[in-house]
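Trainee: here is a sequence together with a model predicted from it:
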Amino acid sequence: MHTQLYMNGGFALQIEISYLPKTSISPIPDAGGHFPFAIEGDCSIFLDTVPINSEFEEFYPGWMQSLNAFPIYSIIQVHDYTEEDIVNECTQHNVSYSFMGSKKYRLIKMTINTTEQFVALFSYIQGSGNMNDLSMWSLHEDVFSLSKRSVKGFFKNTETDVMVINLTTSSSVFWVGYDGDWITLLTNNLKFETEEDVEKTFPEGFSTELIEYEDE
């Protein structure tokens, strides 16, 4: 845990980070575990992040700006009662979008080019995760596609539409965890390899607190 001073004279706002052991990652999509989507390609770093003494919307937009993350490609699962609001927000802030999937499993893909656009849409990105709907975003690359896959926790010998992320050596993908309680980074970028490396990517005023996962 670091004690760098915050700009207002207090201590830095803390972000809890935890590196997931690869043994906890299911080789097939897991409806209630890590992860409810498929991963194509190697991934070397799985990092959970949780703001401790700040709000999600206070930290993540600033982190994306600090990372120079744009364009960001964001995927949100939508329903009849959420789609119109998200589309209106996209239109208001000049965010291009398209739809994927079927009426039963419908997703909106948005291309976000500025911090201001990310701020405007983050409540929907976070809110979708709060409802345990799929919500993800990728830095610089559109890595998202749909494919029929078997899913752990579903009926055997049944395939359904599953989000697939196609990772490259430069990919960084964020997934909003269950109930929106944390956000997981999946990446091969070595700037996230250690706690010290991660903290260097944070906006000013935020520091890391490393929590060790127990490898089951």
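Mentor: Nice, I can see it. Residues are numbered from 1 along each chain as shown.

Trainee: how deep is His140 tucked in, by neighbour count?
Mentor: 15 (other CB atoms under 10 Å). Heads up, the C-betas are built off the backbone N, CA and C, glycines and all.

Trainee: from now on call the first residue 103
Mentor: I'll keep to 103 as the first residue from here, and by that count the last item is His242.

Trainee: my guess is it contacts Ser272. True?
Mentor: Yes - at 7.4 Å, His242 counts as touching Ser272 under the criterion of CB atoms under 8 Å.

Trainee: tell me which other helices or strands the longest helix along the chain touches.
Mentor: Criterion DSSP state H: the longest helix present in the chain is helix 217-232. On a contact count with 3 or more CB pairs under 8 Å, 6 or more residues apart in numbering; DSSP states H and E, helix 217-232 meets helix 158-168, strand 174-180, helix 182-194, strand 208-214, strand 237-241, strand 274-278.

Trainee: who touches the nearest residue to Leu269 once chain neighbours are set aside in this structure?
Mentor: Spatial nearest neighbour of Leu269, excluding adjacent residues (CB to CB, 6 or more residues apart in numbering): Gly143 at 3.7 Å. Contact analysis of Gly143 by CB atoms under 8 Å, 6 or more residues apart in numbering lists 268-270, 273.

Trainee: would a markdown table of the helices and strands packed on helix 217-232 with distance to Ser252 be doable?
Mentor: Listed next are these as a markdown table, based on distance: least, CB to CB, whole Å:
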| stretch | distance to Ser252 |
| --- | --- |
| helix 158-168 | 32 |
| strand 174-180 | 20 |
| helix 182-194 | 28 |
| strand 208-214 | 20 |
| strand 237-241 | 20 |
| strand 274-278 | 20 |
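
Trainee: would you turn those into CSV with mean pLDDT, distance to Tyr121 and mean neighbour count?
Mentor: Output for these, formatted as CSV (pLDDT from 0 to 100; distance: least, CB to CB, whole Å; neighbours: other CB atoms under 10 Å):
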stretch, mean pLDDT, distance to Tyr121, mean neighbour count
helix 158-168, 95, 17, 19
strand 174-180, 97, 23, 23
helix 182-194, 95, 32, 13
strand 208-214, 97, 27, 20
strand 237-241, 97, 19, 24
strand 274-278, 97, 15, 23
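
Trainee: mind checking the SS state of the closest residue in space to Ile127 that isn't next to it in sequence?
Mentor: Leaving aside its chain neighbours, Ile127 sits nearest to His136 (5.2 Å; criterion: CB to CB, 6+ apart). With DSSP: H, G, I helix; E, B strand; the rest coil as the basis, His136 sits in coil.

Trainee: which one of the helices and strands packed on helix 217-232 lies nearest to Ser128?
Mentor: Ser128 lies closest to strand 274-278 among the helices and strands packed on helix 217-232, at 13.7 Å (CB to CB).

Trainee: what lies in contact with the next helix or strand after that closest one?
Mentor: The helix or strand immediately downstream of strand 274-278 is strand 285-289, counting by DSSP states H and E. Defining contact as CB under 8 Å, 6+ apart, one finds that strand 285-289 is touched by 122, 136-137, 141, 145-152, 158, 162, 231, 267, 269, 273-279, 294.

Trainee: and what of stretch 225-237?
Mentor: Contacts of stretch 225-237 (CB under 8 Å, 6+ apart): 138-139, 158-159, 176-181, 184, 187-188, 191, 209, 239, 265, 277-282, 285.
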